[in-house]
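Trainee: return a 3D structure for these sequence lines:
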Amino acid sequence: MNNNETLKQRQAYPLELKVEMSKRRIEEWYKRYHGKVYVAFSGGKDSTVLLHLVRSVYPDVEAVFADTGLEYPEIRQFVKTIDNVTWVKPKMKFSEVIKKHGYPVISKEQARYLQDCQNPTGKNDTLIKKRLTGINGKGIKSHFGILSKKWRYLIDAPFKISGACCDKIKKEPVLTYEKEMKKNVFLGVMAEDSRLRLSSYLKNGCNMISKKQNQSRPMMFWNESDVWEYIRTNNIPYSKIYDMGESRTGCMFCMFGVHMEKSDMFNKNRFQRMKVSHPKLWNYCINKLNLKQVLNTIGVNYQ
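Mentor: As a prediction, this is how the structure comes out:
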């Protein structure tokens, strides 16, 4: 059984013990599915460490990279240096996703709640009530699934908001590959990444069997410091984007969490850094994709 106290104990283990525990999870998953497994490889530091861990036990395991078109050029360059990587592409471009569904802003949860409230159909009144009051169709109130009061003004924003971007651009092509190849995934995620991942770990542990997707997350009890220690200890190559000042390497145009990044004379947020490091891409997303309107509305400086 997993609980917060058990997780804290495991997070405090030395790296050597964490590595051995992760390898046991990897072996369990590999044997359960008779080698029909793959590593979801983003080119970021976490999935780079995961791939090294998996291949230290099973060298021939395939990696799958979702070529969304939104990665830093340095990430794409790094992925090309790794052997046995299958590239998969989404059916929709980012520009098509934001036009049809909406912009990814605030967080995946809040964006989904905003999308519900922006699209009343007459049939989703109960859901919208849940988003605004916490009261579900049975009259029971819960603090889960509520749209934050701080962001409710965005319901009337002059643009669509949605949490669908990641699903359409990143998850769907990988899941299509998974279904066609009948393989099960290794994911390089950690409980400390988000509240959702923490909740998933406490409920399911590292190796999760689910109706939606079976997942092995053998690094769930690791910390970011463990990832860098593993990289240094094993002298593992990684994308140079980290040496350029980036700490996250998700989609370049994603606005999830940008409102929480410091922006002052000493600190720059992701879009301000992009203007310096990748000016052409900055101009495209700010002006061509109109991210400036969204960032202005949520009070984020991008200059």
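Trainee: only C-alpha atoms for contact and neighbour calcs from this point on.
Mentor: Fine.
Trainee: correct me, but Ala63 touches Ser42?
Mentor: No: counting by CA atoms under 8 Å, Ala63 sits too far from Ser42 to count as a contact (9.3 Å).
Trainee: middle-most residue in this structure, spatially?
Mentor: Nearest to the mean C-alpha position of the chain, counting by CA atoms, centre = their mean, stands Gly250 at 6.9 Å.
Trainee: ranges for the helices of the stretch 1-150 of the chain?
Mentor: 4-11, 15-32, 45-57, 73-79, 94-100, 108-118, 125-133 (DSSP state H, counting those that start in this stretch).
Trainee: TSV for these, including mean pLDDT and mean neighbour count?
Mentor: Compiled in TSV, these are given as follows (pLDDT from 0 to 100; neighbours: other CA atoms under 10 Å):
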stretch	mean pLDDT	mean neighbour count
helix 4-11	94	14
helix 15-32	98	17
helix 45-57	98	20
helix 73-79	97	16
helix 94-100	96	16
helix 108-118	96	22
helix 125-133	95	19
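Trainee: so which of the ones you listed comes closest to Ser199?
Mentor: Nearest to Ser199 among the helices of the stretch 1-150 of the chain is helix 4-11 (9.7 Å), distances taken as CA to CA.
Trainee: restricting to C-alpha, output that closest one in CSV.
Mentor: These are the backbone C-alpha positions of helix 4-11, laid out as CSV (Å, rounded to 0.1, in the frame of the first residue of the first chain):
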residue,chain,number,x,y,z
ASN,A,4,2.3,9.9,1.7
GLU,A,5,4.5,8.7,4.5
THR,A,6,5.8,5.7,2.5
LEU,A,7,6.4,7.9,-0.5
LYS,A,8,8.4,10.4,1.6
GLN,A,9,10.5,7.5,3.0
ARG,A,10,11.2,6.2,-0.5
GLN,A,11,12.0,9.7,-1.8
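Trainee: contact partners for Cys251?
Mentor: 68, 70-72 (CA atoms under 8 Å, 6 or more residues apart in numbering).
Trainee: that one in helix, strand or coil?
Mentor: Here Cys251 is recorded as coil under DSSP: H, G, I helix; E, B strand; the rest coil.
Trainee: what separation do you get for it and Arg76?
Mentor: Distance of Cys251 to Arg76, computed by CA to CA, to the nearest Å: 12 Å.
Trainee: got it, and Asn207?
Mentor: 29 Å.
Trainee: what's near enough to touch the residue nearest to the centre of the chain?
Mentor: By CA under 8 Å, 6+ apart, the neighbours of Gly250 are 44, 71.
Trainee: for Val79, same thing?
Mentor: Contacts of Val79 by CA under 8 Å, 6+ apart are 42-43, 65, 85.
Trainee: reformat those as TSV; add distance to Lys36 and neighbour count.
Mentor: Putting the contacts of Val79 into TSV (distance: CA to CA, whole Å; neighbours: other CA atoms under 10 Å) gives the following:
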residue	distance to Lys36	neighbour count
Ser42	20	24
Gly43	22	26
Phe65	17	20
Val85	15	18
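Trainee: can you lay out those residues as CSV showing distance to Asn214 and pLDDT?
Mentor: Formatted as CSV, the contacts of Val79 follow (distance: CA to CA, whole Å; pLDDT from 0 to 100):
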residue, distance to Asn214, pLDDT
Ser42, 19, 95
Gly43, 22, 96
Phe65, 18, 97
Val85, 21, 98
